[in-house]
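Asker: quick one, structure for this:
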Amino acid sequence: MHSRRIGSAAISAIGLGGMPLSIEGRPDEERAVATVHAALDAGITFIDTAMSYCLNSSETGHNESLIARALAAYGGDTSGVLVGTKGGAARGADGEWSFNGDPATLREACEGSLKRLGGDTIGLYQLHVPDPGVPYADSVGALRDLYDAGKIRAVGISNVDSGQLREAHAILGERLVSVQNNFSPAVRDSEPLLRLCTELGIAFLPYSPLGGISRAGDLGSSHAAFARIAAERGVSPQQVCLAWELAKSPVVVPIPGASRPTTIRDSAAAADLKLTEAEFAELDVV
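Answerer: Alright, predicted model coming up:
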């Protein structure tokens, strides 16, 4: 597995998005744990989770606890695995999503995540989404304070635009190591943000890099160029998609979700797929 960096941490070029293991349509625990173990076996050393990856408020932190159990049950060395989690979003009793960037709420959320994940500190803690009811600087400042208190080793932000990235970078400086935004062949509005991340040396973590849970399987039929190149290479369109994203910038670390071992194994193999300049140019046309 080729490596890239999130801050000072060297991690796999492909990560695992944990969300499908805990929301609607999720697998049973045996298959979920097998999926995490398959990712580790394939060389993946970055796992993305969040306190809000659950069905409703009665099981807040379901995915964090699941990831912690899976890592504890793995037979190999997991000391090099970076787990990134997020606060600032939650699911209510009926499963509705809500967002809260209040500093006190973020501090409380971080403490809960820390208990569920175990250990003395969280490797990467990310603000899940800007809260329009709270000044962004206040929310980001809460993460700065958590870093300075030793609760987290690095800070990330998610669902932001270039202006919010610049604002967060001014507040956090080198504490800020990652940006996580929706990015895929069908969703490319974060291109300016990706360029800014490259300029600043901040990792860009595309979530839903294959188009999302319900559309990832149809990527080839929705995007003919990816299907054609995949057929020529003898790989899946999903591998071609992840290879295209990796080729866009050395700061890109896609985090495809998976709920089956076979799916994450296929995604992990994209790290070894090198596109030609002509292939990349064809895929990069909007």
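Asker: helix, strand or coil for V177?
Answerer: Secondary structure assignment for V177 (DSSP: H, G, I helix; E, B strand; the rest coil): strand.
Asker: count of residues packed around the closest residue to it other than its chain neighbours?
Answerer: Nearest residue to V177 in three dimensions, chain neighbours excluded: G7, at 3.3 Å (CB to CB, 6 or more residues apart in numbering). (Glycine included, C-beta is placed from N, CA and C.) Look at G7: counted by other CB atoms under 10 Å, it has 21 neighbours.
Asker: G7 against S178, yeah?
Answerer: Yes. With contact defined as CB atoms under 8 Å, G7 reaches S178; the gap is 7.4 Å.
Asker: between these two, what contacts are shared?
Answerer: 124, 154, 203 (CB atoms under 8 Å, 6 or more residues apart in numbering).
Asker: which ones among those map onto helices?
Answerer: Among the shared contacts of G7 and S178, none falls in helices (DSSP state H).
Asker: for these, which one is nearest G217?
Answerer: A203 (27.0 Å; CB to CB).
Asker: chain center to the strand or helix carrying A70: distance?
Answerer: Element membership for A70 (DSSP states H and E) is helix 62-73. Counting by CA atoms, centre = their mean, to the nearest Å, helix 62-73 is centred 16 Å from the centre of its parent chain.
Asker: relative orientation of the lengthiest helix in the chain and helix 62-73 in degrees?
Answerer: For the chain, the helix that runs over the most residues, judged by DSSP H, is helix 103-117. Here helix 103-117 points in a direction 30 degrees away from that of helix 62-73 (axes from the mean of the first three to the mean of the last three CA atoms, to 10 degrees).
Asker: Provide the contact partners of helix 103-117 at residue level.
Answerer: Taking CB under 8 Å, 6+ apart as the rule, helix 103-117 contacts 51, 60-61, 64-65, 67-68, 83, 85, 87-88, 90, 100, 121-122, 125, 127, 134, 138-139, 141-143, 145-146, 151-152.
Asker: please narrow those residues to those residing in strands.
Answerer: Of the contacts of helix 103-117, the ones assigned to strands by DSSP state E are 83, 85, 87, 90, 125, 127.
Asker: what's the closest non-adjacent residue to P256?
Answerer: Counting by CB to CB, 6+ apart, S267 is the residue found nearest to P256 once chain neighbours are left out, at 4.5 Å.
Asker: check which helix or strand covers that neighbour.
Answerer: Counting by DSSP H and E, S267 is part of helix 261-268.
Asker: so which elements touch that helix?
Answerer: helix 29-41, helix 237-248 (3 or more CB pairs under 8 Å, 6 or more residues apart in numbering; DSSP states H and E).
Asker: which strands or helices does the following helix or strand past it pack on?
Answerer: Per DSSP H and E, the first helix or strand lying C-terminal to helix 261-268 is helix 277-283. Identification of packing neighbours for helix 277-283 by 3+ CB pairs under 8 Å, 6+ apart yields helix 224-233, helix 237-248.
Asker: pick the most deeply packed of those helices.
Answerer: Across the helices and strands packed on helix 277-283, the average number of neighbours (mean count of other CB atoms under 10 Å) peaks for helix 237-248, which reaches a mean of 24.
Asker: coming back round to it: by neighbour count, which of the ones in strands among the contacts of helix 103-117 wins?
Answerer: T85 (31 neighbours).
Asker: so it makes contact with F46?
Answerer: No. T85 is beyond contact range of F46, at 11.9 Å (criterion: CB under 8 Å).
Asker: quickly list what's touching both of those two.
Answerer: If you check T85 and F46 against CB under 8 Å, 6+ apart, no residue is contacted by both.
Asker: residues of the longest helix of the chain that come out buried?
Answerer: 103, 105-107, 109-110, 113-114, 116-117 (16 or more other CB atoms under 10 Å).
Asker: and the residue nearest to E64 when sequence neighbours are not counted, how far is that from P261?
Answerer: Computed as CB to CB, 6+ apart, the closest residue to E64 that is not its neighbour in sequence is R116, at 4.2 Å. Remark: distance between R116 and P261 (CB to CB, to the nearest Å) = 24 Å.
Asker: and the pLDDT for the residue lying farthest from the centre of the chain?
Answerer: Relative to the centre of the chain, the most outlying C-alpha is that of E232, 29.3 Å out, by CA atoms, centre = their mean. For E232, the pLDDT comes out at 96.
Asker: burial measure for Q126, as a count.
Answerer: That count, for Q126 with other CB under 10 Å as the rule, works out to 26.
Asker: so who does it touch?
Answerer: Contacts of Q126 by CB under 8 Å, 6+ apart are 50, 84-87, 155-158, 178, 180.
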